[in-house]
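Participant: sequence first, then the predicted structure:
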Protein chains: 2
Amino acid sequence: MAVYTALGPEQVSALLARYDVGELMALKGIAEGVENSNFFVETTKSKYILTLYENRVDPADLPFFYSLLKHLHDAGCKVPRFIADCDGQWLQEIAGRPACLIEFLQGVSVTTPTPAQTRSTGTALGQMHAALTGFRETRPNSLGVTAWRPLAESCTAAGLESIQSGLAERIADECIFVETHWPHNLPRSAIHADLFPDNVLMLGSNVTGLIDFYFACTDATGYDLAIAHSAWCFSNDGGSFDAGLSVALLAGYASAFPIDVPTRDAFATLLRGACLRFLLTRCYDWINTPANALVTRKDPLAFLRRLDFYSDDANIARIMGQLH
Amino acid sequence: MAVYTALGPEQVSALLARYDVGELMALKGIAEGVENSNFFVETTKSKYILTLYENRVDPADLPFFYSLLKHLHDAGCKVPRFIADCDGQWLQEIAGRPACLIEFLQGVSVTTPTPAQTRSTGTALGQMHAALTGFRETRPNSLGVTAWRPLAESCTAAGLESIQSGLAERIADECIFVETHWPHNLPRSAIHADLFPDNVLMLGSNVTGLIDFYFACTDATGYDLAIAHSAWCFSNDGGSFDAGLSVALLAGYASAFPIDVPTRDAFATLLRGACLRFLLTRCYDWINTPANALVTRKDPLAFLRRLDFYSDDANIARIMGQLH
């Protein structure tokens, strides 16, 4: 949530001169997305987001993201395209950083989703998975099931205990559970892997854009749905599950992309895995980010509470009942 | 350069419902201005800036800023107006903070001004002073000449010495100089008091907006010109004076607002006072802001170098030669 690299209009105008996008009219650093520098750019022709990739995004992954968004856009999904300059180049350099000019999409990211908004999000996610059945490019999931145990170890038991007593053992047990039960026979494709409300633009109850694909990778579509379920169906602190939002998300998704039997059978494990992934990355960031740093630390325990919820058979039975 | 308060679209839509501005279409936290939280707001009708006032702006000063901007706008100056809601209220509350919806002006803040851009800025400042001769509301300058000695003392000699050896004595001497020579017979009006390139929006060489009036106060117009001179006519680090920019700024200003004899006679002192003001507030911030804090600390020595330049009689003679 911060602009890391300062950028003058002189630099931006020089960049825009390579494109057929008109003259620079406004330039504002904006707080958006993962750890990139983002600028709102208005020209005489249209509006754009200019993204400068800082350390967290590997430039070698950008062609995958470009192809993915082009494929989704061509299939009619609402995602922002990377804009190519007059020579067909979409990857640029500015201020010594890889940079892309990206379509600006209207819409806002809701903070307290309604059932109608959650249903629309489920539908958009299902449509995305349907559109990706023909997409052949792949990117390994560096934060997938095999990454969780090493991530827990890099947090160290002492670090985890400093967040909450007993957390190290709980996470170790959960790693064993998900590694033992993780399904390897599920339909896979490119997935968003981070579909929180922050990353969905809406006008009213309509989705106008899925954004921030920088965690997108190849993994089980059901895991993507599980991530969205953990992200959309709870209060922000994870303390309160909203069954109505859960029904809405799952029904919306299933209307666009059928939930196959192996995915359904594995859904409890996928949900627990989704919680473990965000619990662990939040623990890691919590332990390794000074409290007064530029980046706001997100509460890891909000995902421990979700994990507790999904570890209760009665709750899982309720969710499974909504899958039909 | 940061968004301090998080704001959801639900809150913003509820606020906008009081106005005749259409429906919310986009909401982005932006990095702009002094220590307020600023949001880019696009509606079905227009674009706005939503500003939430954090600690640094006293809500009791907002009526002065409102009147000042209304007066300037009505006089044809390019400044952003505070928008009133359907009941005529321009001061709102959101997320527990005083907040105002403000016109969005196109244009960008240049980082390396050209002579033509600097001349336009001088003209806009002169036009602003001309427009303010009839403006009767006042606000004391809390960072004026009488504030500098207490500000130096609150930095403490040890604090100043930690920035550069000899700085405490240099500042003490300079306080004596400006207090002794400060003119009290100059034309006064409301002044901007912070007209750095950051606070001027431009398209090409045309000024499209003077912004960020939150230091505006009642003081000598010549002091406002001196601040702009120190802000526009040097390299960012203060190490290099650009005589061409100085000619441009002063000629542009004089074309719109004549520089009277008492102001001309006192200009060397006003220039040194302007440097002392920014040197001192930057020293204070440097000493009192952790190096890793959210706010970027600005180099105090960039204004010590400007002060050195203006303390040299040969340099002042050169600038005085441009005042005719």
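Facilitator: Arrived safely.
Participant: alpha carbons only for contacts and neighbour counts from here, please
Facilitator: OK.
Participant: need the residue closest to the centroid of chain A.
Facilitator: Taking CA atoms, centre = their mean, the centroid of chain A lies closest to A:D194, which sits 1.9 Å from it.
Participant: just to check, A:L50 is in contact with A:P98?
Facilitator: No: under the criterion of CA atoms under 8 Å, A:L50 is not in contact with A:P98, lying 10.7 Å apart.
Participant: can you tell me how far the residue nearest to the centre of chain A is from B:I176?
Facilitator: With distances taken as CA to CA, to the nearest Å, A:D194 is found 60 Å from B:I176.
Participant: got it, and A:S230?
Facilitator: Remark: distance between A:S230 and B:I176 (CA to CA) = 65 Å.
Participant: more neighbours: the two, which one.
Facilitator: Neighbour totals were compared for A:S230 and B:I176, and A:S230 leads with 24 against 12 (other CA atoms under 10 Å in any protein chain shown).
Participant: export the strand or helix carrying that one to CSV, keeping only CA atoms.
Facilitator: A:S230 is part of helix A:221-232 when elements are defined by DSSP states H and E. Only the C-alpha atoms of helix A:221-232 are listed here, as CSV (Å, rounded to 0.1, in the frame of the first residue of the first chain):
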residue,chain,number,x,y,z
THR,A,221,-8.9,-24.8,-9.8
GLY,A,222,-10.6,-26.1,-6.6
TYR,A,223,-7.7,-24.6,-4.6
ASP,A,224,-8.4,-21.2,-6.2
LEU,A,225,-12.1,-21.6,-5.1
ALA,A,226,-10.9,-22.5,-1.6
ILE,A,227,-8.8,-19.4,-1.4
ALA,A,228,-11.7,-17.2,-2.5
HIS,A,229,-13.9,-19.0,0.0
SER,A,230,-11.5,-18.2,2.9
ALA,A,231,-11.2,-14.6,1.6
TRP,A,232,-14.9,-13.7,1.1
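Participant: right, and the helix or strand after that helix?
Facilitator: helix A:243-256.
Participant: what inclination does that following helix have with respect to helix A:221-232?
Facilitator: Computed by axes from the mean of the first three to the mean of the last three CA atoms, to 10 degrees, the angle separating helix A:243-256 from helix A:221-232 equals 150 degrees.
Participant: just the mean pLDDT for helix A:243-256, thanks.
Facilitator: For helix A:243-256, the mean pLDDT works out to 98.
Participant: list the buried residues in the helix or strand following that helix.
Facilitator: Using DSSP H and E, the helix or strand that follows helix A:243-256 in sequence is helix A:261-265. Neighbour counts using 16 or more other CA atoms under 10 Å in any protein chain shown place A:263-264 of helix A:261-265 among the buried residues.
Participant: and chain A, which of its residues are near chain B?
Facilitator: Contact residues, chain A versus chain B (CA under 8 Å from any CA of the partner chain): A:2-3, A:8-10, A:24-32, A:106-112, A:203, A:292-294.
Participant: which of those residues fall in helices?
Facilitator: A:9-10 (DSSP state H).
Participant: please indicate which of the residues of chain A next to chain B are buried?
Facilitator: With burial judged by 16+ other CA under 10 Å, the buried subset of the residues of chain A next to chain B is A:2-3, A:8-10, A:24-32, A:106-112, A:203, A:294.
Participant: please verify my assumption that A:D85 contacts A:Y19.
Facilitator: Yes: here A:D85 reaches A:Y19: they are 4.2 Å apart, a contact under CA under 8 Å.
Participant: related to what we said a few turns ago, report all helices and strands that the helix holding A:S230 contacts.
Facilitator: If contacts are counted by 3 or more CA pairs under 8 Å, 6 or more residues apart in numbering or on different chains; DSSP states H and E, helix A:221-232 sits against helix A:115-131, strand A:188-191, helix A:243-256, helix A:267-288.
Participant: any chance of the ones you listed in TSV with distance to A:I211 and mean neighbour count as columns?
Facilitator: Formatted as TSV, the helices and strands packed on helix A:221-232 follow (distance: least, CA to CA, whole Å; neighbours: other CA atoms under 10 Å in any protein chain shown):
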stretch	distance to A:I211	mean neighbour count
helix A:115-131	12	24
strand A:188-191	12	24
helix A:243-256	18	21
helix A:267-288	19	22
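Participant: out of these, the one nearest B:G209 is which?
Facilitator: helix A:115-131 (38.6 Å; CA to CA).
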